[in-house]
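1. The following comprises the amino acid sequence and a computationally predicted model.
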Amino acid sequence: MGRGYAAEVLGAVEAARKNWLESSANYERAIALFSADDSRYEVARTQMNYARALQAQGHAPDRVFSFVSLPRISR
């Protein structure tokens, strides 16, 4: 799960630097890693932070939802 946290932090850093391509790649990597661990809270938090980064990039709030993947997590 540590790699998921690292990828999420890198996503935030790249968003702050306005490096949108790397930011998106890191957020998507974090979501995939947390999903593989069935870490529901971490997936939801990362999706929220990713959505904020997309809004900062200029995507309309109603379109952001379609960019953020919604993985299925078994329970």
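-> Arrived safely.
2. Now stretch 39-53: buried residues?
-> Residues of stretch 39-53 classed as buried: 39, 42-43, 46-47, 49-51, 53 (neighbour count, 16 or more other CB atoms under 10 Å). All C-beta atoms are positioned from the backbone trio N, CA, C, and that covers glycine.
3. ok, now which ones touch the residue nearest the centre of the chain?
-> In the chain, the C-alpha closest to the average C-alpha coordinate belongs to Tyr27, at a distance of 3.3 Å (CA atoms, centre = their mean). When contacts are counted by CB atoms under 8 Å, 6 or more residues apart in numbering, Tyr27 touches 7-8, 11, 46, 49-50, 53.
4. pLDDT weak spots in the chain?
-> Along the chain, segments meeting pLDDT under 70 span 61-75.
5. Show me where it has its helices.
-> 2-16, 20-36, 40-57, 61-67 (DSSP state H).
6. Out of these, which one sits most buried?
-> helix 20-36 (a mean of 19; mean count of other CB atoms under 10 Å).
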